[in-house]
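> I'll drop the sequence and a predicted model, then ask my questions.
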Amino acid sequence: MITPAIIDRDYVLYKKYQRKQQLLERYPFQLYLKAQGNCFHSGKLSPGCETCFYRPYNKDKVKTNTVSVHTGQVCNVACGYCYYDPYREDSGEVYHNIIYPYLQQLYEISLDPLYDIDIVFYNSRGETLKYLWVIKEASDIIKRMQTNYGKRIYSILYTNFMLANDAVLDFLKECEVHEFRVHWSASHFSDKVMDNIHKAVEKGFTVSIEEPSLPECGIPLINKLDILEEAKVKHLNMIECQVTKDNVKYLKETYGQTHYMYRDTLWHLYDNGLVYDIMEEVLQQNKSFSIIDCNSNVENARSDAHMYIPEFQDPLQSKGLSREYPTDLNVDFYEWNKT
């Protein structure tokens, strides 16, 4: 199999460290480092990110429990960089081995008063909004849990948002979905999807944009930051693209001359610092939404990351100042949960 050229993981981590350090010195009051530098973001974290950022380093500090609901396999678009099997389908085996077991797991959890769920993720290997019946089944279970145990559960749904018309949004409101994580570039940044985002915000949903940190997805975003601000998007999450047998040919043909792949827990395409370029633009333009570096080291929870990079030098500490890390996630989420 022909792949993009391979680069050493230690080198990638060090290059990331250098760029983070530069940004931290330029924007000491806007950027935050957690999990030994692997969680790097401006603004507050979206609910659900905390467990990913903290799990490998501070297990005793994780305050949220999450569960996923896998809705299906089929997508309504075909992105070349998609790391799933392009010929996947919803066979009887998929229903028997994937979809129903996820619902069964959620139901069993709902019967256990000792299992304290805070966040539910609706996701798929395709387009989540093609599977409204699964969302309905899961939401009914979640509603019973909220009634039985006297708490509220935050629900996040991954989608390209192409199917999010008024009727679907009203349905999802009844299912008590709270946040959408939208892959806008899947529709080639269509105006229709942005109209759907505006409608969702008007109906009281939180909308985050979540994109692969690839030039075809990230570079157009630099010219669309004003659009995200106008739409009242809350968070922008940039994620390095995973490399699998299903997208490696496309990535080789498209980025083989300019990009390298490296092995973390999984194989990823190094973005050459694109996420930090976008982060700097967001900070320079003083946008209200947060931006998060969802790099592979965070995603894959490598607890030994600190062995490969130096300690971050905090420019505030060198001036005798202390860094106040934002607590908006914990305060907002848990106060909301009590009500």
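Sure, I can see it.
> Please make it C-alpha for all contacts and neighbour counts, starting now.
Will do.
> would you list every one of the strands in the stretch 201-339 of the chain?
With DSSP state E, counting those that start in this stretch, the ranges of strands along the stretch 201-339 of the chain come out as 206-212, 235-239, 261-263, 267-269, 290-294.
> Turn these into JSON lines, columns for distance to Ser155 and mean pLDDT.
As requested, the strands of the stretch 201-339 of the chain are exported to JSON lines (distance: least, C-alpha to C-alpha, whole Å; pLDDT from 0 to 100):
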{"stretch": "strand 206-212", "distance to Ser155": "11", "mean pLDDT": "96"}
{"stretch": "strand 235-239", "distance to Ser155": "16", "mean pLDDT": "94"}
{"stretch": "strand 261-263", "distance to Ser155": "32", "mean pLDDT": "90"}
{"stretch": "strand 267-269", "distance to Ser155": "28", "mean pLDDT": "92"}
{"stretch": "strand 290-294", "distance to Ser155": "19", "mean pLDDT": "89"}
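> Would you reformat these as CSV and include distance to Thr159 and mean neighbour count?
Below are the strands of the stretch 201-339 of the chain laid out as CSV (distance: least, C-alpha to C-alpha, whole Å; neighbours: other C-alpha atoms under 10 Å):
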stretch, distance to Thr159, mean neighbour count
strand 206-212, 9, 23
strand 235-239, 14, 24
strand 261-263, 26, 22
strand 267-269, 22, 21
strand 290-294, 17, 25
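> and Leu33, which of those is closest to it?
Proximity to Leu33 (C-alpha to C-alpha) singles out strand 290-294 among the strands of the stretch 201-339 of the chain, at 10.4 Å.
> now for the closest one, which elements pack on it?
strand 39-42, strand 235-239, helix 274-284 (3 or more C-alpha pairs under 8 Å, 6 or more residues apart in numbering; DSSP states H and E).
> change it to 10 Å
Applying 3 or more C-alpha pairs under 10 Å, 6 or more residues apart in numbering; DSSP states H and E, we find strand 290-294 packed against strand 31-34, strand 39-42, helix 49-54, strand 206-212, strand 235-239, helix 274-284.
> Between those, which one is closest to Arg263.
Of those, the one closest to Arg263 (C-alpha to C-alpha) turns out to be strand 235-239, at 15.2 Å.
> What strands flank the closest one, and is each parallel or antiparallel?
Sheet pairing of strand 235-239 (DSSP bridges) gives strand 206-212 (parallel), strand 290-294 (parallel).
> For stretch 142-152, buried residues please.
Ile142, Lys143, Met145, Lys151, Arg152 (16 or more other C-alpha atoms under 10 Å).
> want to try TSV for these, with secondary structure and distance to Leu163 as columns?
Compiled in TSV, the buried residues of stretch 142-152 are given as follows (DSSP: H, G, I helix; E, B strand; the rest coil; distance: C-alpha to C-alpha, whole Å):
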residue	secondary structure	distance to Leu163
Ile142	helix	23
Lys143	helix	24
Met145	helix	28
Lys151	coil	30
Arg152	coil	27
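> ok, back up a step: just put the strands paired with strand 235-239 in TSV and tack on distance to Gly126.
As requested, those are exported to TSV (distance: least, C-alpha to C-alpha, whole Å):
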stretch	distance to Gly126
strand 206-212	15
strand 290-294	21
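> among those strands, which is nearest His198?
strand 206-212 (9.1 Å).
> could you dump the closest one to CSV, C-alpha only?
Provided in CSV are the C-alpha atoms of strand 206-212 (Å, rounded to 0.1, in the frame of the first residue of the first chain):
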residue,chain,number,x,y,z
THR,A,206,-25.8,25.3,20.9
VAL,A,207,-23.9,24.9,17.6
SER,A,208,-20.2,23.9,17.3
ILE,A,209,-18.3,23.5,14.1
GLU,A,210,-16.0,20.4,14.1
GLU,A,211,-13.7,20.0,11.1
PRO,A,212,-10.7,17.9,10.0
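> Check the gap between the closest residue to Cys79 other than its chain neighbours and Val193 for me.
Using C-alpha to C-alpha, 6 or more residues apart in numbering and skipping the chain neighbours, the partner closest in space to Cys79 is Ala186 (6.6 Å). Computed as C-alpha to C-alpha, to the nearest Å, the Ala186 to Val193 distance reads 10 Å.
> Spit out the residues that contact these two alike.
Residues touching both Ala186 and Val193 (C-alpha atoms under 10 Å, 6 or more residues apart in numbering) are Asn160, Phe161, Met162.
> Selecting buried members of those residues in PyMOL, what would you type?
Here is the PyMOL selection string for the buried members of the shared contacts of Ala186 and Val193, based on 16+ other C-alpha under 10 Å:
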select buried, resi 160+161+162
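> from the shared contacts of Ala186 and Val193, which is closest to Glu229?
Phe161 (17.9 Å).
> Doesn't the closest one belong to a helix?
No: assigned with DSSP: H, G, I helix; E, B strand; the rest coil, Phe161 falls outside any helix and is coil.
> Surely it touches Lys199?
No: checked against C-alpha atoms under 10 Å, the pair Phe161 and Lys199 is beyond contact range at 11.3 Å.
> Quick check: which ranges of the chain have low pLDDT?
Applying pLDDT under 70 to the chain flags the ranges 1-2, 34-38, 50-64, 296-310, 312, 320-339.
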